[in-house]
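Q: this one's structure only:
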């Protein structure tokens, strides 16, 4: 209970400072409040909001059903979903600057994967409308697959940073690969195609490789 209380207090402080209630998105930090892109749009970083939108399902899965602050997190997830849907581009991806895709005109893998994961999770748990959200999941996944090279490298991942930035086909990071795996796994769960996994066995096998 003490840890949950600390988590809630810190989350609320962040929400009160960085959440834009008009756009239903989070600023990366206080520096970006009032800042505009060269095209005059607010700066909302794709991966930063992806961390939030993918993190909320993980938080909700860990938060007891009886917890008094659970409705706040459920409501936040539902409020962010339309903004996430609106920021998806025609190619199925989300670009580094959510409200200004022309700031960096290429789809970014990690943010896109986190959004696909969150949307798929929301549909699976019947928190989001399937008819509205599942087509976005399918478009997003189809686009993400194009970011996986034949050798397995996941490209077009923005480097570690704190704002929309340029990226290349060969740009890769662990959180990009992890995001794609999360999205794919959640889609399998949502369509009932996920198989039971022996987590302990997988961990033991992995440890032998170290």
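A: Here it is on my side, so go on. Every value quoted in this text rests on a predicted model; they were computed, and no experiment measured them. Numbers count the residues shown, from 1 in each chain.

Q: mean confidence score for stretch 156-173?
A: Mean per-residue pLDDT for stretch 156-173: 95.

Q: Return the distance of it from the chain's centre.
A: Centre-to-centre, stretch 156-173 and its host chain are 15 Å apart (Cα atoms, centre = their mean, to the nearest Å).

Q: how long is it end to end?
A: Stretch 156-173 has an end-to-end distance of 9 Å (Cα to Cα, to the nearest Å).

Q: how about it: buried residues?
A: For stretch 156-173, a neighbour-count test (16 or more other Cβ atoms under 10 Å) marks 156, 157, 158, 163, 164, 165, 167, 171, 172, 173 as buried. No exception for glycine: its C-beta is placed from N, CA and C like everyone else's.

Q: what does stretch 180-192 give?
A: 180, 182, 183, 184, 186, 187, 190.

Q: how about the helices in this protein?
A: Using DSSP state H, the helices of the chain run over 2-18, 46-62, 70-87, 109-124, 130-145, 174-190, 199-209.

Q: Could you export these as TSV, including distance to residue 99?
A: Formatted as TSV, these follow (distance: least, Cβ to Cβ, whole Å):
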stretch	distance to residue 99
helix 2-18	15
helix 46-62	10
helix 70-87	7
helix 109-124	13
helix 130-145	17
helix 174-190	21
helix 199-209	39
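
Q: Report the contact partners of the residue of the chain positioned farthest from its centre.
A: Most distant from the centre of the chain: residue 208, at 31.6 Å, with distances by Cα atoms, centre = their mean. Counting by Cβ atoms under 8 Å, 6 or more residues apart in numbering, residue 208 makes contact with nothing.

Q: What of residue 82?
A: Neighbouring residues of residue 82 by Cβ under 8 Å, 6+ apart: residue 24.

Q: Please report how far it lies from residue 129.
A: Noted for residue 82: a distance of 10 Å to residue 129, by Cβ to Cβ, to the nearest Å.

Q: what's the distance between residue 162 and residue 43?
A: Residue 162 is 11 Å from residue 43, where distance means Cβ to Cβ.

Q: go on, residue 98?
A: 9 Å.

Q: distance between stretch 167-176 and the chain's centre?
A: On Cα atoms, centre = their mean, the centre of stretch 167-176 falls 16 Å from the chain's centre.

Q: err, stretch 169-187, not the other one
A: With Cα atoms, centre = their mean, you get 11 Å for stretch 169-187.

Q: Please point out which parts of the lowest-mean-pLDDT helix or strand in the chain sit buried.
A: The least trusted helix or strand in the chain, going by mean pLDDT, DSSP states H and E, turns out to be helix 199-209, with a mean of 91. For helix 199-209, a neighbour-count test (16+ other Cβ under 10 Å) marks nothing as buried.

Q: Kindly report the same for stretch 78-93.
A: For stretch 78-93, burial by neighbour count (16+ other Cβ under 10 Å) applies to 80, 81, 83, 84, 87, 88, 89, 91, 92, 93.

Q: Greatest separation within these: which pair is it?
A: 80 and 91 (21.6 Å; Cβ to Cβ).

Q: related to what we said a few turns ago, out of the helices of the chain, nearest to residue 33?
A: Checking the helices of the chain against residue 33 by Cβ to Cβ gives helix 2-18 as the closest, at 7.6 Å.
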